[in-house]
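Peer 1: I'd like to go over a predicted model; first the sequence, then the structure.
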Amino acid sequence: MRRPFIVRFFSATPKAGWQALAIFTTFALLVVPLLHLAVPETSVFHVSSYAITLIGKIMCFAIVGVAMDLIWGYAGILSLGHGLFFALGGYAFGMYLMRQIGRDGSYQSDLPDFMVFLDWKQLPWYWTGSDSIWWAAVLVLTVPALVALVFGFFAFRSRIKGVYFSIITQAMTFAAMLYFFRNETGFGGNNGFTDFKRIAGYSITSPEMRVTLFALSAAMLMATLVLCRYVVSSKFGRVLMAIRDAESRVMFLGYNPLHYKLAAWTLSAFLCGIAGALYVPQVGIINPGEMSPANSIEIAIWVAVGGRATLVGPVIGAFIVNLSKSFFTQAFPEYWLFFLGALFVGVTLWLPQGVVGLWSQWREKRANALAIAPADAAVEPGAAK
Amino acid sequence: MSILLLHEVTVSFDGFRALNSLSLDIAVGELRCIIGPNGAGKTTMMDVITGKTRADRGKVMFDQTIDVRRMTEADIAHLGIGRKFQKPTIFENLTVFENLELAMKMDKRARVSMFAWLDDSERDRVSDTLKQIRLDHQAERQAGLLSHGQKQWLEIGMLLIQDPRLLLLDEPVAGMTDDETARTGELFKSLAGKHSLVVVEHDMAFIEQLGGKVTVLHEGSVLAEGDLATVQNDARVIEVYLGR
């Protein structure tokens, strides 16, 4: 029986997944926004703007984690440069946010402050169209994906694999960081973009805007999970896993791994770009620091902590690591990196399948215990005879 | 009519000639066994035919007219050349069913796979193959959990469902029990005629069971060719295997 594509697409996510998503939707799109907007600040039930921004930010990271899992967990390609695609999406939307400041900057000029500072008289050509939110959306959706497509094409065609691939992705994001640090590049140098005032004319710091960005991030996270679940449970996803486990066998079966890897890689970068664009207005800044190699390595840690090749694991990993990060950097700032290192070593040693692996191990144990128990019960009456 | 013709193929690795002007002619429907001591060039020969290694000199013609030397591994597979590796190479984290699904002859482009869905006749083909390789009760089992012999059979099944015209089998019965080996021999004999087979083996009893023409490789070229008894009595072959 042939089911229509749309049914197959949505039924790739199992029932339990939909139940979890329904609960999540209720909280992210209804409960939390109401608690922020309608409940007075004096009430214990009020959700602070700090919490909204923090969770909104982590949801953007979670999208990146899921995108990373698609290529690392399923295709076995460890990227240590995914922060670049995230940052490119952020910069693409940041250009629009800079133009939205209008004449409210320190120099009261039509140009962004950093350009006035550099004594530039007009916008460089690549800022053309940056006044339009639609053009910004086009850039967010295409630039990171195009960069990934070109980079991936050459890397995968040359059959660069394993640790060598990881190293060149690291070099890629590092080179981009150095390039964006330069003032002449036209992206604000080491200060990047900040001091945003509004989106589409509405104040960026208003509670309504905060809640809107929060809800958009949540919706994007859910869409990412459903999309990636379909991808990994399709035949395409099985070929990806086959490439991860025995690439030469896949080739001799008549598949061209280049196309499969490139498609997964580009999709992954595309999702990271969208996450970056949602992240920047929430935190109010984007600078080349986002492209630092350490940031990209941290993405891999979220995925490892949560559990590779599970999709939901990276979401959990992103929350565990980033909530600990915001706790540590306030309470014991000097110990954060030690904690992160210890977490990574600990997970590698004792939880190779991450936190989600712990959960499935527990379920397996319980299932075994249940399977043995009735057998015992069946023996006893026989023994009594 | 030849399905595969190698004409004076030479492959060197850093000056070492893995294949030295090797010529070989496999007829349509033939079952050919290839033997030879370690380092004789058996695996390199398969690498050249399947596009993994490029020949420095010589011709490799499939079906008389198609020169495979410039083609990619995937394109050569689409021509109808299937290969079984020396070490069983299956997708350990997928189920037995999924292994066969991926191997099945169908459109294998990425954008098609994204929306692909097995129809009833394709499901039937998978279950037929499962019966043929006696894994029909293990369809949903993770392939990595199979025994060594079963993995060998699964890989052979993956080759069969690809429906290739030429099967290259590198030590297909290594690690199998005697019973499994005998059944594999029966299977190969039943395939000959419809398909052409090239079997690389060390197991003489198995080669005797197959009963086809035997080619002996030594230092990258053909040392002797003929039926098993002739080859076994050839003075040079005895020297290569026993002498020095």
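Peer 2: That came through, no problem.
Peer 1: In stretch A:320-327, which residues are buried?
Peer 2: A:320-322, A:325 (16 or more other C-beta atoms under 10 Å in any protein chain shown). In this view, the C-beta of every residue, glycine as well, is placed from N, C-alpha and C.
Peer 1: An error on my part: the question was meant for stretch A:213-222.
Peer 2: A:213-218, A:220-222.
Peer 1: tell me which of the buried residues of stretch A:320-327 is nearest to residue B:96?
Peer 2: Comparing the buried residues of stretch A:320-327 against residue B:96 with C-beta to C-beta picks out residue A:320 as the nearest, at 36.0 Å.
Peer 1: can you dump the C-alpha coordinates of the host helix or strand of that closest one into PDB?
Peer 2: Assigning secondary structure by DSSP states H and E places residue A:320 in helix A:312-331. Backbone C-alpha positions of helix A:312-331 (Å, rounded to 0.1, in the frame of the first residue of the first chain) are rendered in PDB as follows:
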ATOM      1  CA  VAL A 312      16.700  14.000  20.800                       C
ATOM      2  CA  GLY A 313      19.900  13.500  22.700                       C
ATOM      3  CA  PRO A 314      21.600  16.600  21.400                       C
ATOM      4  CA  VAL A 315      18.600  18.700  22.600                       C
ATOM      5  CA  ILE A 316      19.100  17.300  26.100                       C
ATOM      6  CA  GLY A 317      22.900  17.700  25.800                       C
ATOM      7  CA  ALA A 318      22.600  21.300  24.700                       C
ATOM      8  CA  PHE A 319      20.300  22.000  27.700                       C
ATOM      9  CA  ILE A 320      22.600  20.200  30.200                       C
ATOM     10  CA  VAL A 321      25.800  21.800  29.100                       C
ATOM     11  CA  ASN A 322      24.400  25.300  28.600                       C
ATOM     12  CA  LEU A 323      22.400  25.400  31.800                       C
ATOM     13  CA  SER A 324      25.500  24.300  33.700                       C
ATOM     14  CA  LYS A 325      27.400  26.900  31.800                       C
ATOM     15  CA  SER A 326      25.200  29.800  32.900                       C
ATOM     16  CA  PHE A 327      25.200  28.500  36.400                       C
ATOM     17  CA  PHE A 328      29.000  28.000  36.600                       C
ATOM     18  CA  THR A 329      29.900  31.200  34.800                       C
ATOM     19  CA  GLN A 330      27.900  33.100  37.500                       C
ATOM     20  CA  ALA A 331      28.800  31.100  40.600                       C
END
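Peer 1: Remind me what that helix packs against, helices and strands.
Peer 2: Helix A:312-331 sits against helix A:49-69, helix A:207-233, helix A:293-306, helix A:336-350, helix A:354-384, with contacts defined as 3 or more C-beta pairs under 8 Å, 6 or more residues apart in numbering or on different chains; DSSP states H and E.
Peer 1: So for the residue in the stretch 51-200 of chain A positioned nearest to chain B, what's the nearest residue that isn't a sequence neighbour?
Peer 2: Closest approach of the stretch 51-200 of chain A to chain B (C-beta to the nearest C-beta) occurs at residue A:74, with a separation of 10.2 Å. In space, residue A:74 comes closest to residue A:240 once its chain neighbours are excluded; the distance is 4.8 Å by C-beta to C-beta, 6 or more residues apart in numbering or on different chains.
Peer 1: Next, that neighbour: phi, psi?
Peer 2: When read as degrees, to the nearest 10, the backbone of residue A:240 gives phi -60, psi -50.
Peer 1: and it, how many neighbours does it have?
Peer 2: Burial measure for residue A:240: 28 neighbouring residues, criterion other C-beta atoms under 10 Å in any protein chain shown.
Peer 1: wait, which of the helices and strands packed on helix A:312-331 is closest to chain B?
Peer 2: helix A:207-233 (7.4 Å).
Peer 1: any low-confidence regions in the chain?
Peer 2: Here I'm looking at chain A. By pLDDT under 70, the weakly predicted segments of chain A are A:1-2, A:372-385.
Peer 1: that's the wrong chain, I wanted chain B
Peer 2: Within chain B, the segments meeting pLDDT under 70 span B:243-244.
Peer 1: got the residues of it near chain A?
Peer 2: Listed as neighbours of chain A in chain B under the rule C-beta under 8 Å from any C-beta of the partner chain: B:50, B:52, B:72-74, B:77-78, B:82-83, B:85, B:89-94, B:98, B:101-103, B:108-111, B:113-117, B:119, B:158, B:162.
Peer 1: what about residue B:29, which SS state?
Peer 2: Under the three-state scheme (DSSP: H, G, I helix; E, B strand; the rest coil), residue B:29 adopts coil.
Peer 1: and it, what does it touch?
Peer 2: Going by C-beta atoms under 8 Å, 6 or more residues apart in numbering or on different chains, residue B:29 touches B:3, B:192-196.
Peer 1: how close does the most centrally placed residue in chain A sit to residue A:268?
Peer 2: By C-alpha atoms, centre = their mean, the mean C-alpha position of chain A lies nearest to residue A:64, the distance being 1.3 Å. As defined by C-beta to C-beta, to the nearest Å, residue A:64 lies at a distance of 9 Å from residue A:268.
Peer 1: Residue B:155 too?
Peer 2: According to C-beta to C-beta, residue B:155 and residue A:268 sit 31 Å apart.
Peer 1: More neighbours: those two, which one.
Peer 2: Just comparing residue B:155 and residue A:268: by other C-beta under 10 Å the higher neighbour count belongs to residue A:268, 29 against 25.
Peer 1: Tell me how many other residues surround residue A:371.
Peer 2: Tallying neighbours of residue A:371 according to other C-beta under 10 Å, which is how burial is gauged here, yields 9.
Peer 1: How about residues contacting stretch B:48-55?
Peer 2: With C-beta under 8 Å, 6+ apart as the contact definition, stretch B:48-55 has outside contacts at A:248, A:252, B:4, B:6, B:9-11, B:19, B:44, B:47, B:60, B:68-69, B:71-73, B:75-77, B:81, B:83, B:168.
Peer 1: Just the buried residues of it, please?
Peer 2: Buried positions in stretch B:48-55, judged by neighbour count with 16+ other C-beta under 10 Å: B:48-53, B:55.
Peer 1: Show me the residues you listed that map onto helices.
Peer 2: Cross-referencing those with the helices (criterion: DSSP state H) gives B:48-50 as the overlap.
Peer 1: Identify, from these, the entry nearest to residue A:350.
Peer 2: Of all those, residue B:50 has the smallest distance to residue A:350: 42.2 Å, by C-beta to C-beta.
Peer 1: Tell me what angle the one helix or strand residue A:281 maps to forms with helix A:293-306.
Peer 2: Element membership of residue A:281, judged by DSSP H and E, is helix A:257-283. With axes from the mean of the first three to the mean of the last three C-alpha atoms, to 10 degrees as the basis, helix A:257-283 and helix A:293-306 are set at 100 degrees to each other.
Peer 1: who in the stretch 201-350 of chain A is up against chain B?
Peer 2: For the stretch 201-350 of chain A, the contact set with chain B under C-beta under 8 Å from any C-beta comprises A:231, A:234-236, A:238-239, A:241-242, A:245-246, A:248-256, A:259-260, A:263.
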